[in-house]
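Q: the sequence and its predicted three-dimensional model are supplied below.
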Amino acid sequence: MISVIGAGAFGTALAISMARGGTPVTLWARDADHVARMQADRVNAARLPDMAFPEALRVTGDITDLPDGPALLSVPMQKLRQALIDAPALRDHPLVACCKGIELTTTKSPSQVIEEERPGAQIALLTGPSFAQDIARRLPTALTLACADDALGRDLQQRLTTANLRLYRTTDVTGAEIGGALKNVMAIACGAAIGAGLGESARAALMTRGYAEMQRMALALGARPETLAGLSGFGDLTLTCTSDLSRNYRFGRSIGQGDDFDPAITVEGAATARAVQAQAREMQIDMPITDAVVGLIGGDLKVPQVMDLLLSRPLKEE
């Protein structure tokens, strides 16, 4: 039995995929009206309108009405802590964070936030290159399941893998978290470059040098380099920096084009960029693309200024 906390597009897609094989899945949503509509219509019309719920998927608005088994926390990173505070019933569940980012107010990662709010909890992270529509439509998707406890990781890998969702296991939680967080920052940069008409070569350069920034931060925090070369790093970076389905990429493109962006759409990379910049400065890590993204988000820099700053940096070996 599996619980999914959060009925956004990604949480709903995970719940649908995992319930298709007959595994009982409970999808929890906060809004009572949203719960009632999903229970009546057997579809999340607001997020995945064409994806009917399997029989094994049930919906609840009662956080105490969750089965034993792993709970997948599919909430935005900046709301993860409050979700844990509001859900004491999750205390005895293995907790699998499905969010990507760094908490702005504390510069904590998802696993660190969970550990603070649930000391001693069994913690894992599900991350990697994926869009909700692909998972829900049964398209092949591969993700990273990161868990410091290898035995728990093996168990979760077996329980959460589905016919179209293949999970690869790692014990390097830090590397997986940094890859998932920073790729969103780099996607904003790439979107801004494309939106401003700087071309595909500029995007390739930003992806490559952005990957170098991801490695610098991750290695400084004790991650393994091979983790960043995997699905949660390079794989997620590639998808997020090249697809219009990425909210972070679209947000960056709107900046490059000088357009407004819908404030109701969650853009994890915006808060993460500011959090990572603060953390990098404290650790004295050079993160020029992250700095540039913070400047773009705050309106302190325009894309031409950013390009001038990046291209005028001292020449060096790759």
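A: Received the coordinates, thanks. Numbers count the residues shown, from 1 in each chain.
Q: only C-alpha atoms from now on, for both contacts and neighbour counts.
A: Noted.
Q: let me know the average pLDDT across the longest helix along the chain.
A: Longest helix in the chain by number of residues, with DSSP state H as the criterion: helix 173-195. Mean pLDDT, computed over helix 173-195, is 98.
Q: next SSE after that helix?
A: helix 200-220 (DSSP states H and E).
Q: helices or strands up against the helix or strand that that following helix is followed by?
A: The first helix or strand that comes after helix 200-220 along the chain, using DSSP H and E, is helix 225-228. With contacts defined as 3 or more Cα pairs under 8 Å, 6 or more residues apart in numbering; DSSP states H and E, helix 225-228 has these neighbours: helix 173-195, helix 200-220.
Q: ok, which of the ones you listed comes nearest S3?
A: Nearest to S3, of all these, is helix 173-195, at 21.4 Å by Cα to Cα.
Q: now for that closest one, which elements pack on it?
A: Packed next to helix 173-195, using 3+ Cα pairs under 8 Å, 6+ apart, are strand 123-127, strand 141-146, helix 200-220, helix 225-228, helix 236-240, helix 247-257, helix 268-283, helix 288-298.
Q: adding mean neighbour count and mean pLDDT, write these out as a markdown table.
A: Converted to a markdown table, those look like this (neighbours: other Cα atoms under 10 Å; pLDDT from 0 to 100):
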| stretch | mean neighbour count | mean pLDDT |
| --- | --- | --- |
| strand 123-127 | 26 | 98 |
| strand 141-146 | 23 | 98 |
| helix 200-220 | 18 | 97 |
| helix 225-228 | 20 | 97 |
| helix 236-240 | 23 | 98 |
| helix 247-257 | 25 | 98 |
| helix 268-283 | 20 | 97 |
| helix 288-298 | 21 | 97 |
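Q: just to revisit the earlier point, and the longest helix of the chain with helix 200-220, angle?
A: 160 degrees (axes from the mean of the first three to the mean of the last three Cα atoms, to 10 degrees).
Q: then helix 173-195 to PDB, C-alphas only?
A: Taking C-alpha atoms only, helix 173-195 is exported to PDB below (Å, rounded to 0.1, in the frame of the first residue of the first chain):
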ATOM      1  CA  VAL A 173      21.100  11.400  -1.300                       C
ATOM      2  CA  THR A 174      23.100  14.600  -1.400                       C
ATOM      3  CA  GLY A 175      24.200  14.200  -5.000                       C
ATOM      4  CA  ALA A 176      20.600  13.400  -6.100                       C
ATOM      5  CA  GLU A 177      19.200  16.400  -4.200                       C
ATOM      6  CA  ILE A 178      21.700  18.900  -5.600                       C
ATOM      7  CA  GLY A 179      21.200  17.600  -9.200                       C
ATOM      8  CA  GLY A 180      17.500  17.900  -8.900                       C
ATOM      9  CA  ALA A 181      17.600  21.400  -7.400                       C
ATOM     10  CA  LEU A 182      20.200  23.100  -9.500                       C
ATOM     11  CA  LYS A 183      19.000  21.800 -12.900                       C
ATOM     12  CA  ASN A 184      16.000  24.000 -12.400                       C
ATOM     13  CA  VAL A 185      18.200  27.000 -12.000                       C
ATOM     14  CA  MET A 186      20.100  26.200 -15.200                       C
ATOM     15  CA  ALA A 187      16.800  25.700 -17.000                       C
ATOM     16  CA  ILE A 188      15.800  29.300 -16.200                       C
ATOM     17  CA  ALA A 189      19.100  30.400 -17.600                       C
ATOM     18  CA  CYS A 190      18.600  28.300 -20.800                       C
ATOM     19  CA  GLY A 191      15.100  29.500 -21.200                       C
ATOM     20  CA  ALA A 192      16.200  33.200 -20.900                       C
ATOM     21  CA  ALA A 193      18.900  32.600 -23.600                       C
ATOM     22  CA  ILE A 194      16.400  31.100 -26.000                       C
ATOM     23  CA  GLY A 195      13.800  33.700 -25.200                       C
END
